[in-house]
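# coordinates only, sequence not included:
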C-alpha cells in the first residue's frame, strides 16, 4: 500500500490558530501558534424508521414492508435480487433430475437459463440515480455521495477464460456524510437495487440527527499514537482520517427511540497492508473527543485449566457493556465485568496460547479493548486498553477465525454459531486465534487435515486477513496461510465456504483471474463466498446477518421475507453491513450443460444442487460462474 499525504482539510472539520496571550516582541523569534482541531457532535433525534414511515417507504417503492424491530428496513426480492435465472433440468419424461449427495440427501439439478439471462435489461446509471433519489430519501442534515454499479454474472471455462458477462441489476449505494465528513458503520446504510424498473432490494438504517455543539478534538498525530497501540509497532500506518461512527440501530419495536444519544467524531486508522496489497484499508476507529471514551483495564489469571478475568472502566457514557472473547472457548452471552471459564485444548498436542479479550462499549458505541495472553492456561497478566478499536479491515458447520482480539470478529463467529444452533444445525468445531490452524483447510494429500475439519462439514465460516493469493493464520501449522495450491474442497463434503477476508476473490487484472486462481479448489465445493475488495470487520459481526438470511424472517405478526439462497444471503449481508463501494463475490462450478450451484438454499430451506467434480461421470466440472455486486 503506497504512502499518501493528503491535505489537512481532509482530516478535520474545522481548524483554527489559537494564541497563548503572550506579548509579541518585534524582531524576536516567535513560536508557531498551536493548532486547534474541532468537530461537531450530532444529537440523535430519531432511531431509524417508525412503522408509519416504513409503510410509506414500502408503498412508494412498490415493495413489501420489511421493517425490523431496530428501525432498519431490509427488503429483498428473493426471486430476483442478485439471482441468475435458472431452469430445473428434466429427463425425457419431463421429471426433475434428482440425485443424492454424499450424506444421502436429495439434490436437484438447476441449470443457468441463458435465454432468460440474455433478455435482462438494466437501468443506466443516470436513470438509477434519479429513481433512487425519489425512492430513498435521506434524513435532513446528511450529505450523500452516491456509488453506482451493477450486480454482474460472469462465466468462464475450466482454464479461467471468460466466456460471458451480463449485468443483472443496477445498484445505488449512498456514502453518507455529516458536515462533509464520511459517516461509517452499520447505522449509516442506504441502498437500492433495480432489475429493470423494479426495486429488488431496498435497505435503510439511518438515524435522524441534528447538530448540537462544536468541541475540541485530538490531532491526527495524537490519534496515530493510539492507532499504533491498536495495531502494534510492526504495522506501518499513514495519518488517520476523520469520520463519524454510526453504530447499529438500537430501537425497540421500531419505536424511533434507542440507547444511542449522539453521533460522535472518530479518527479512522490507516494501516498499510502487511500482505503487500495496494488497496487502502479502512482501519480501526479511535474516538476523537478527549476524555469521553471509556478506558478498560483487564486482569487475568489461570490455574492450568480454569481462567478467571475481571475488568473495570474509567470514563465513557453510561451504561457501559462488556463483551468477552477467548481464543479457545466460546464466551457468547457473557456481558458482566467478570468471567470464569474452562479453556479448550485442540486434540492435537502442543502448547496452547490462550488470549482473553474484553471490549467495553458505552451508550454511544465508543469502545476500549484490552487483551492478555497465557500459555497453557497458566499464570497471571494485566492490560489497559487503548481508547478505541471498533471496526477494522479484514471475514454440520465449522468456524475458524484468526483475529480473536477483535470483538467484531468474535461477534461474526458467535452470530453464525447462534443462528445455526437455533435452527437445529450443529457446530462440529470452533477454533479461534492461535487455535485456528492452516492445516484444517489444507488438503489431506498435502499433509493437511481438511478431511477431519473444513471438508467434513457442510458450511464453513472463516474471518481473518487475506489477499488475492489466500488468507492467513496466526500460527504456523504447517505455515501461516492457505493459498490456492493448498485447497481441494468438496471431495469429502464441504458445500459452502464463507471467507470474511479482504480480496480473496479479487479480479487483479480486469480479466476475472480469480477463476483460474481458485479453479482446483473446486472438487465438489458448491460455492465460495468472498470479496473482490477489502472487507471490513463490522461491530456486531456479519455472521449472524448472513445466517439469518438463510432462513425465513418475521417481524411482529408478518413474514418479512422467505429464505434466501446461500449466494443471495452473502450478497444481502454485504449490502446491509459493508461500506458503500465494497464488492462481494460468489463463485460456483458448472457442468457443460450449465448446471450450477448458484441457486442452492441451505439444507432444509429449498433445493440444493449436485456436487460438481472434475472427474465425475455425471455432473462433471466444465467451467465456473460468478456473481458479484456492490454493498
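Everything's here; your move. Please read all numbers here as calculations on a predicted model, not as lab measurements.
# and residue 529, that's in a helix?
No: the assignment for residue 529, made by DSSP: H, G, I helix; E, B strand; the rest coil, is strand rather than a helix.
# Buried residues, the longest helix seen in the chain. List them.
Using DSSP state H, we find that the single longest helix of the chain is helix 407-422. Of all the residues in helix 407-422, those buried under the rule 16 or more other CB atoms under 10 Å are 407-420. To be clear about C-beta, it is placed using only N, CA and C from the backbone, and glycine gets the same treatment.
# nearest to residue 72, of these?
Proximity of the buried residues of helix 407-422 to residue 72 (CB to CB) peaks at residue 415, which lies at 15.9 Å.
# For the stretch 1-150 of the chain, which segments are assigned as helices?
Here the stretch 1-150 of the chain has its helices, by DSSP state H, counting those that start in this stretch, at 51-61, 114-118, 125-135.
# can you pull the buried residues of the first one?
Same thing as helix 51-61. 51, 53, 54, 57, 58, 61.
# Need these in TSV (columns: distance to residue 268).
Formatted as TSV, those follow (distance: CB to CB, whole Å):
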residue	distance to residue 268
51	35
53	30
54	31
57	30
58	34
61	32
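# Out of these, which comes closest to residue 316?
Residue 316 lies nearest to residue 53 out of the buried residues of helix 51-61, by CB to CB, at 31.3 Å.
# so where's the chain shaky on pLDDT?
1-34, 273-282, 387, 391-396, 555-558 (pLDDT under 70).
# In it, mark out all the helices, start to finish.
51-61, 114-118, 125-135, 220-231, 407-422, 514-518, 543-549, 566-577.
# So which residues make contact with the fourth one?
Counting contacts by CB atoms under 8 Å, 6 or more residues apart in numbering, the residues outside helix 220-231 that touch it are 8, 11-12, 37, 235, 237, 239-242, 267, 269-271, 283-284, 286, 288, 369, 386-389.
# try 7 Å
The contact list for helix 220-231 (CB atoms under 7 Å, 6 or more residues apart in numbering) reads 11, 237, 239-240, 267, 269, 271, 283-284, 286, 288, 386-389.
# again with the third one
By CB under 7 Å, 6+ apart, the residues outside helix 125-135 that reach it are 60, 61, 146, 148, 170, 172, 192, 194, 199.
# what about residue 510, how many neighbours?
Neighbours of residue 510 under the rule other CB atoms under 10 Å: 6.
# Report the contact partners of residue 421.
So, once contact is read as CB under 7 Å, 6+ apart, residue 421 ends up touching residue 427.
# Would you mind measuring from it to residue 545?
16 Å (CB to CB, to the nearest Å).
# Kindly report the same for residue 561.
13 Å.
# Near residue 255, how many residues? Count them for me, please.
15.
# Nearest residue to it in space, ignoring adjacent ones along the chain?
residue 50 (7.1 Å; CB to CB, 6 or more residues apart in numbering).
# The contacts of helix 125-135: which two are farthest apart?
Between all members of the contacts of helix 125-135, the farthest pair (by CB to CB) comes out as 60 and 148, at 20.2 Å.
# ok, back up a step: let's have the buried residues of helix 407-422 in a markdown table, adding distance to residue 346.
Shown next, in a markdown table, are those (distance: CB to CB, whole Å):
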| residue | distance to residue 346 |
| --- | --- |
| 407 | 23 |
| 408 | 24 |
| 409 | 19 |
| 410 | 18 |
| 411 | 23 |
| 412 | 21 |
| 413 | 16 |
| 414 | 19 |
| 415 | 23 |
| 416 | 20 |
| 417 | 18 |
| 418 | 22 |
| 419 | 25 |
| 420 | 21 |
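# returning to that earlier point: save the helices of the chain as JSON lines, and put in distance to residue 82 too.
Listed next are these as JSON lines, based on distance: least, CB to CB, whole Å:
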{"stretch": "helix 51-61", "distance to residue 82": "17"}
{"stretch": "helix 114-118", "distance to residue 82": "13"}
{"stretch": "helix 125-135", "distance to residue 82": "15"}
{"stretch": "helix 220-231", "distance to residue 82": "34"}
{"stretch": "helix 407-422", "distance to residue 82": "20"}
{"stretch": "helix 514-518", "distance to residue 82": "18"}
{"stretch": "helix 543-549", "distance to residue 82": "11"}
{"stretch": "helix 566-577", "distance to residue 82": "4"}
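# Please identify which of the ones you listed is closest to residue 609.
Using CB to CB, these put helix 566-577 closest to residue 609, at 10.5 Å.
# which other helices and strands contact that closest one?
On a contact count with 3 or more CB pairs under 7 Å, 6 or more residues apart in numbering; DSSP states H and E, helix 566-577 meets strand 198-206, strand 527-531, helix 543-549, strand 583-590.
# Hey, what's the angle from that helix to strand 198-206? Just curious.
Taking axes from the mean of the first three to the mean of the last three CA atoms, to 10 degrees, helix 566-577 and strand 198-206 form an angle of 40 degrees between their directions.
# neighbouring contacts of helix 566-577?
Residues from elsewhere that reach helix 566-577 (CB under 7 Å, 6+ apart): 74, 76, 78, 81-83, 186, 189, 191, 201, 203, 496, 498, 527, 529, 538, 542, 545-546, 549-550, 564, 582, 584, 586, 598, 600-602, 627, 629, 631.
# Domain boundaries for this structure, per the record?
Split into domains by automatic domain parsing, the chain comes to 51-210, 292-386, 393-630.
# right, so of those domains, which gets closest to residue 251?
Across these, closest to residue 251 is domain 51-210 (CB to CB), at 3.8 Å.
# What distance do you get for residue 144 to residue 54?
For residue 144, the distance to residue 54 - CB to CB - is 20 Å.
# so what's residue 608 up against?
107, 600, 601.
# hang on, isn't the second one packed against residue 550?
No: taking contact to mean CB atoms under 7 Å, the distance of 10.3 Å between residue 600 and residue 550 leaves them out of contact.
# Find the nearest non-adjacent residue to residue 545, please.
residue 573 (4.6 Å).
# how deep is the one you found tucked in, by neighbour count?
For residue 573, using other CB under 10 Å, the count is 25.
# Could you do residue 156 as well?
Count around residue 156 with other CB under 10 Å applied: 24.
# Name the residues linked to it by a beta bridge.
residue 162, residue 624 (DSSP bridges).
# how close does it sit to residue 524?
18 Å.
# do residue 336 as well
45 Å.
# Neighbour count: those two, which is higher?
For residue 336 versus residue 524, the count of surrounding residues by other CB under 10 Å is larger for residue 524: 24 against 10.
# Just give the nearest non-adjacent residue to the more buried one, would you?
residue 490 is the one closest to residue 524 (CB to CB, 6+ apart), at 2.9 Å.
# who's in contact with the one you found?
So residue 490 contacts 455, 522, 523, 524, 525, 611 (CB under 7 Å, 6+ apart).
# Export those to TSV and append columns for distance to residue 182.
Output for the contacts of residue 490, formatted as TSV (distance: CB to CB, whole Å):
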residue	distance to residue 182
455	41
522	38
523	42
524	43
525	37
611	44
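# ok, which stretches of the stretch 451-600 of the chain are strands?
In the stretch 451-600 of the chain, the strands defined using DSSP state E, counting those that start in this stretch lie at 459-463, 466-467, 470-472, 481-482, 496-500, 527-531, 553-555, 558-561, 583-590, 595-596.
# okay, the ones you listed in TSV with distance to residue 212 and mean neighbour count next?
Listed next are the strands of the stretch 451-600 of the chain as TSV, based on distance: least, CB to CB, whole Å; neighbours: other CB atoms under 10 Å:
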stretch	distance to residue 212	mean neighbour count
strand 459-463	36	28
strand 466-467	40	26
strand 470-472	42	22
strand 481-482	47	23
strand 496-500	35	28
strand 527-531	36	27
strand 553-555	32	14
strand 558-561	34	14
strand 583-590	36	26
strand 595-596	52	26
